[in-house]
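Participant: Requesting a structural model of the entry that follows:
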Amino acid sequence: MAKPMLHLLSFLVFICIFLSFFYCTLSLINPYDVSNLLAVETDDISMVQSKRGSWKECDFSVGKWVLDQSYPLYDSNCPYLSTAVACQKNGRPDSEYEKWKWKPHGCSIPRFDALRFLGKMRRKRILLVGDSIMRNQWESLVCLVQGVIPTDRKTVTYNGPLMAFHAMDFETSIEFFWAPLLVELKKGPENKRVLHLDLIEENARYWKGADILVFDSAHWWTHSGDTSSWDYYMVGNNIIRNMNPMVAYQKGLSTWARWVDLNLDPGRTRVIFRSMSPRHNRQNGWKCYNQKLPIQFFSHIHVPEPLVVLQGVLKRMRFPVFLQDITTMTAFRRDGHPSVYKRALSVEERQNQKPGTGLSSDCSHWCLPGVPDIWNEMLNALL
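Facilitator: Residues are numbered from 1 along each chain as shown. Model (predicted):
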């Protein structure tokens with residue numbers, strides 16, 4: 001009988017000690033804060049979960065190309081394709097380059113759904129600004145959506161350097177504005193071409209009112225000698241005949257960045273800057289000819305200087321610009337260029353497709369359907 005009583009007494013002593021400790025702990029906490037403390041913990045859990053599910057937490061730039069037989073998402077009969085990128089129509093004999101999908105490590109990019117995209121973009125103006133590679137991407141995006149729109153409910157309009165595809169029932173426009181240098185290139189005295197590194201308003205007035213702005217600018221800045229698009233630079237009233245191209249690029253981008261900071265409202269407009277699309281044009285443009293597979297790996301990753309300059313400018317901006325980094329992933333795709341299939345070839349040309357035959361090979365732009373479709377799937381996920 002004594003033993004059970006001893007156990008009971010020990011248990012009661014333990015309970016008393018525990019309650020005393022619990023009471024002392026509670027006495028250190030403001031009783032009005034207990035419910036708030038629990039609420040904060042719940043919110044923290046939700047925040048972590050939402051961050052893990054957020055596209056911002058997924059680095060789209062790191063991954064690999066995987067073959068997917070369900071691609072492409074449209075065919076080369078899309079009526080909005082330029083002749084120079086409709087490689088199948090121009091006689092390219094292989095088509096596997098259309099069937100590669102980018103798979104980021106740790107997440108996936110949703111397959112492009114045209115109706116869902118147009119639903120999200122209802123009553124919105126999407127404007128892609130840049131060079132011919134951005135025109136390449138614009139054609140891709142238009143071809144991705146146009147198939148679900150009746151013929152009489154879509155149209156393209158032109159306004160100087162601006163072209164716009166209109167999905168009438170959605171009151172949505174997908175537009176392209178030609179501004180390969182972003183800043184202004186003008187005719188000067190003696191018909192010289194002058195690149196004004198501090199002027200942008202003549203181009204930027206077209207950009208106002210857009211809901212989504214996507215920019216690119218790099219290729220024209222790297223041209224030199226006979227391929228350069230200007231004869232000299234100007235900053236204010238100062239003429240500059242010689243300047244490191246990347247210093248000029250940094251000055252031009254800084255002018256663009258100031259305009260965005262001063263003129264756009266982040267609550268009204270989303271701004272995305274797409275990084276440089278790599279070229280595979282060694283051996284006078286024949287490096288990409290007859291390539292049928294992506295490059296499997298690089299011994300080291302080379303970060304192009306324009307991308308380093310761009311990253312530096314974006315970091316100094318007040319406006320939250322998202323960098324869509326497609327440079328490394330696209331560097332693998334030497335198989336995706338038009339090469340000699342930028343136009344239809346004659347029988348004789350088909351028999352002599354090799355360097356030195358007078359044929360030129362385009363290793364800068366991209367066949368469509370093809371690589372830019374994946375850029376637009378990424379863009380859709382980001383939006």
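
Participant: Please point out which parts of stretch 162-173 sit buried.
Facilitator: Applying a neighbour-count criterion of 16 or more other CB atoms under 10 Å, one finds 162-167, 170, 172-173 buried in stretch 162-173. Backbone N, C-alpha and C define where each C-beta goes, glycine included.

Participant: how much space between Val85 and Gly336?
Facilitator: According to CB to CB, to the nearest Å, Val85 stands 10 Å off from Gly336.

Participant: Quick check: neighbours shared by these two?
Facilitator: When CB atoms under 8 Å, 6 or more residues apart in numbering defines a contact, the residues bordering Val85 and Gly336 alike are 366-367, 370.

Participant: about what we covered before: can the buried residues of stretch 162-173 go into TSV with extra columns for secondary structure, pLDDT and distance to Leu141?
Facilitator: Listed next are the buried residues of stretch 162-173 as TSV, based on DSSP: H, G, I helix; E, B strand; the rest coil; pLDDT from 0 to 100; distance: CB to CB, whole Å:
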residue	secondary structure	pLDDT	distance to Leu141
Leu162	strand	96	15
Met163	strand	97	12
Ala164	strand	98	12
Phe165	strand	98	8
His166	strand	98	13
Ala167	strand	98	11
Phe170	helix	97	14
Thr172	strand	98	11
Ser173	strand	98	12
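
Participant: Can you tell me which of these lies closest to Asn263?
Facilitator: Among the buried residues of stretch 162-173, Leu162 lies closest to Asn263 (CB to CB), at 17.5 Å.

Participant: contacting residues around the closest one?
Facilitator: 175-178, 206.

Participant: now the helices for the stretch 51-200 of the chain?
Facilitator: 114-120, 132-146 (DSSP state H, counting those that start in this stretch).

Participant: Identify the spatial nearest neighbour of Thr327, chain neighbours not counted.
Facilitator: Ser275 (4.6 Å; CB to CB, 6 or more residues apart in numbering).

Participant: quick one: that neighbour from Asp198, how far?
Facilitator: Distance from Ser275 to Asp198, by CB to CB: 24 Å.

Participant: Gly267 now?
Facilitator: For Gly267, the distance to Asp198 (CB to CB) stands at 28 Å.

Participant: Which of the two has more residues huddled nearby?
Facilitator: Asp198 (16 against 5; other CB atoms under 10 Å).

Participant: wouldn't that one be in contact with Lys251 here?
Facilitator: Yes: counting by CB atoms under 8 Å, Lys251 is a contact partner of Asp198 at 7.4 Å.

Participant: what do those two both touch?
Facilitator: Common neighbours of Asp198 and Lys251 (CB under 8 Å, 6+ apart) are Val235.

Participant: Look at Leu379 and give its secondary structure.
Facilitator: On the three-state scheme (DSSP: H, G, I helix; E, B strand; the rest coil), Leu379 is labelled helix.

Participant: could you check the distance from it over to Leu128?
Facilitator: 9 Å.

Participant: between these two, what contacts are shared?
Facilitator: Residues touching both Leu379 and Leu128 (CB under 8 Å, 6+ apart) are 141, 214.

Participant: Need the per-residue pLDDT for Gly53.
Facilitator: pLDDT, the model's per-residue confidence, is 38 for Gly53.

Participant: Ser254 too?
Facilitator: Among the per-residue scores, Ser254 shows a pLDDT of 98.

Participant: swap in Ile17?
Facilitator: For Ile17, the predicted pLDDT is 47.

Participant: circling back: will you turn the shared contacts of Val85 and Gly336 into TSV that also has neighbour count and secondary structure?
Facilitator: Shown next, in TSV, are the shared contacts of Val85 and Gly336 (neighbours: other CB atoms under 10 Å; DSSP: H, G, I helix; E, B strand; the rest coil):
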residue	neighbour count	secondary structure
Trp366	25	coil
Cys367	28	coil
Gly370	26	coil
